[in-house]
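Q: Build me a structure from this.
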Amino acid sequence: MGGYVTGFYHAGVTVQSMEKSLDFYCGLLGLELYSLRDATEEYIMKIVNVPAEKIRVAFLKVPGSDAMVELLEYVGVERHPSSVRPCDYGSGHFCLYVSDLDKVYSELASKGVQFRSNLPIVSTAGLNKGAKIVYCIDPDGYLIELIEPVKK
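A: All right, here's what the predicted structure looks like:
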């Protein structure tokens, strides 16, 4: 059995405020707004099985790739923050390439972005040996891994 997956489309992140999250993902990280709409279609509500009034949905294009990040803001339903420690099952993150992580880290930190570590860390083993890596935290606590790969 297996072999069902044929490609990658997007990673989804549920957000508290679409405006704050667009400022973060587009304004600070540089993702490109591809689409933004209010979803109210019955089929969507059946998929998520949440009695929301609507879902604000933004698709953000990741520069240099076909990958997208989907932001979802549920409206008209009780919502709660989730746990986002990397060790907690059910938490998640996605990873974005950057070209100069020290500079990116410094600029984001100066704008108030929080990180899991005090500086970018150099990987000493595994597939990314020699790469610089850091986890930054979005406005809702979701983890975004930033990686500067080893120059080839």
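Q: Going by C-alpha atoms from here, please, whenever you check contacts or count neighbours.
A: Noted.
Q: Low-confidence bits of this structure, can you list those?
A: Flagging of the chain using pLDDT under 70 yields the residue ranges 1, 84.
Q: That one: strands as residue ranges?
A: Remark: strands assigned in the chain by DSSP state E are 10-14, 32-39, 54-61, 68-75, 93-97, 114-115, 121-122, 132-137, 143-148.
Q: Nearest to residue 82, out of those?
A: strand 10-14 (9.9 Å; Cα to Cα).
Q: which residues sit against that closest one?
A: Residues outside strand 10-14 that contact it (Cα atoms under 8 Å, 6 or more residues apart in numbering): 67-74, 94, 142.
Q: Any figure for the gap between the residue lying closest to residue 54 once chain neighbours are set aside and residue 13?
A: Once flanking residues are discounted, residue 54 sits nearest to residue 40: 4.9 Å by Cα to Cα, 6 or more residues apart in numbering. Remark: distance between residue 40 and residue 13 (Cα to Cα, to the nearest Å) = 18 Å.
Q: For these two, work out which one has more neighbours and name it.
A: residue 13 (18 against 13; other Cα atoms under 10 Å).
Q: Which other helices and strands does the longest helix anywhere in the chain contact?
A: With secondary structure taken from DSSP state H, the chain has its longest helix at helix 101-110. Judged by 3 or more Cα pairs under 8 Å, 6 or more residues apart in numbering; DSSP states H and E, the packing partners of helix 101-110 are strand 143-148.
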